[in-house]
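Asks: Next come a sequence and a model predicted from it.
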Amino acid sequence: MTAEATRPWTSAPAAPPTVLRCREEAEVYVASVCFKHGPPRLLGAELEWVVQHSGNPHRPLQARHLAEALGAHVPDSLVPDSPQKPLPYGSTVTVEPGGQLEISSPPCASLTGLIATVEGDTAALTDLLDPAGLVLTGLGSDPHRPSRRLIDIPRYAAMETAFDRIGPMGRAMMCSTAAVQVCLDAGTPSDVALRWAALHDLGPVLVAAFANSPWLGGRRTGWVSSRMQAWFALDPVRTRPSPVHWDPAMDWDPAADWARRALDTPVLCQRRPLGRWDVPRGVTFADWLSGALPGRPSTADLDYHLTTLFPPVRPHGYLEVRYLDTQPAGQWLVPVAVLAALLADPEVTAAARDACAPAAGRWLQAAERGLRDDTLAVAATEVFELACDALPALDAPPGVQLLVEDITEYRVRRGRCPADDLTSAMAASAGASNGTRPAGHTGGHLL
């Protein structure tokens, strides 16, 4: 997710902005706002989709057409005076730079409640788009169209400029990719380090198991997750995984690590009342504190800077898992259920870390090869079996349990991810384009 959106995870009002005097003060602030401690109770999801014209997936989107379809739910990035009404079950709608749509659920106290919320709001969103001839696709990247920015706001213009200095992957990420994001409470002080470490250790395994973006911009990239390929390449300082140093015998504080990283990450943009928000290359937030940019930064500026860091797991008060491709129709809830089950009990969480240990750090192999990587395939089978065993304790709907078990049996144990099936289908349909451009696959509604 590259846009800002309201996250009603906590009800406490934000404190008035204050000017930051030094790096130490800024680091203390980051640690306090990014890791909210408490018993893990809440679960949320953010679903993104590539949007296509029904029956004509190569046709470019138009911002006005999308805004008209969304009506009163359209965000102010498209219509500045929009009422931005939530969907019927409380999810907010965001439009990403290339026209991808995202819904962000309110936090829910159970997996059952989250599924009902997201399913209901996804159906409502689908109903809004249908009269306009638009469909949501169950793909992690746009397989047909070149990356093109629809949303013209200063934040996105500054991002485009900054990423263009590095290479083409910034535009691909901004305009052509979509994800399932899972949000979980950080946990109590005694277990937050384990939860943070586990979400990182699970990353390569779950990237591999849920990879669903082998095509991007009209070509097969050679990666099962072209989305994660783009994320890792667009600005590595901003998007690399955070290092994990935790074990039960260590006193390690991930909040302090994250605070140092945030201060040492270059500023992506500086908000101004008029004009562009571009900044010189390589100026970190710590440099801004030392006078490298005009004006003294405030806590509000630091809050905004934190929204421009895009690692695979991001602390946002809660923990936001960002490494999962959008899933095929009807399957968004599988990665959500797997993560919820693995994080619900510290013993299960520790066991999941142990299962992932041989695959630790294999992020690029996961994005490129998926479960064709033998190490990742073995770890994935163990992880999914743990999730299947743990799901009954969450009182998940029976259909969810069966779906996770089926995917474990018929996909994970066979070393396959969604991209493998998608690649076979698209290659078979390429025909007259000599295999360089998929023809006519639109995915489908996610209901």
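Replies: Good, I have the coordinates.

Asks: Check what pLDDT the residue nearest to Arg362 when sequence neighbours are not counted gets.
Replies: Setting aside the residues directly before and after it, Arg362 is nearest to Pro204 in space (Cβ to Cβ, 6 or more residues apart in numbering), at 4.3 Å. (Each C-beta comes from the backbone N, C-alpha and C, glycine too.) Looking at Pro204, its pLDDT is 98.

Asks: Tell me who's in contact with Pro204.
Replies: Cys356, Ala359, Ala360, Gly361, Arg362, Trp363, Gln365, Ala366, Leu376 (Cβ atoms under 8 Å, 6 or more residues apart in numbering).

Asks: Quick check: what element follows the one helix or strand it maps to along the chain?
Replies: According to DSSP states H and E, Pro204 maps onto helix 192-209. Later in the chain than helix 192-209, the nearest helix or strand by DSSP H and E is strand 215-216.

Asks: In its sheet, which strands sit next to that next one, and in what direction?
Replies: strand 219-220 (antiparallel) (DSSP bridges).

Asks: The strand it pairs with: how far from the chain's middle?
Replies: Relative to the centre of its chain, strand 219-220 is centred 22 Å away, using Cα atoms, centre = their mean, to the nearest Å.

Asks: C-terminal to it, which secondary structure element comes first?
Replies: Next along from strand 219-220, by DSSP H and E: helix 226-234.

Asks: which residues sit against that following helix?
Replies: 140-141, 163, 166-167, 169-170, 172-173, 176-179, 207, 211, 213-216, 221, 223, 239-240, 310, 312, 323, 325, 363-364, 366-368.

Asks: now the end-to-end length of stretch 100-111.
Replies: Taking Cα to Cα, to the nearest Å as the measure, stretch 100-111 stretches 25 Å from start to finish.

Asks: Any buried residues in it, and which?
Replies: Using 16 or more other Cβ atoms under 10 Å as the test for burial, stretch 100-111 gives Gln100, Leu101, Glu102, Ile103, Ser104, Ser105, Pro106, Pro107, Cys108, Leu111.

Asks: Specify which member of those residues is nearest to Leu263.
Replies: When the buried residues of stretch 100-111 are ranked by distance to Leu263 (Cβ to Cβ), Ser104 comes first, at 27.0 Å.

Asks: you'd agree that closest one is up against Ser91?
Replies: Yes: proximity of Ser104 to Ser91 meets the contact threshold set by Cβ atoms under 8 Å, at 5.9 Å.

Asks: Pass me the low-pLDDT residue ranges in this structure, would you?
Replies: 1-14, 423-447 (pLDDT under 70).

Asks: which residues of it fall in strands?
Replies: 43-53, 92-95, 101-104, 134-137, 179-184, 215-216, 219-220, 313-315, 319-325 (DSSP state E).

Asks: Compare these and give me the one nearest Glu24.
Replies: Of all the strands of the chain, strand 313-315 comes closest under Cβ to Cβ, at 19.1 Å.

Asks: Counting by contacts, list what the closest one packs against.
Replies: Packing partners of strand 313-315 (3 or more Cβ pairs under 8 Å, 6 or more residues apart in numbering; DSSP states H and E): helix 192-209, helix 254-264, strand 319-325.

Asks: how many neighbours does Leu371 have?
Replies: Neighbours of Leu371 under the rule other Cβ atoms under 10 Å: 27.

Asks: need the contact list for it.
Replies: So Leu371 contacts Ala208, Ala209, Ala377, Ala380, Val412, Gly415, Arg416, Cys417 (Cβ under 8 Å, 6+ apart).

Asks: Check Ala359 too.
Replies: By Cβ under 8 Å, 6+ apart, the neighbours of Ala359 are Pro204, Val205, Ala366, Thr375, Leu376, Ala379.
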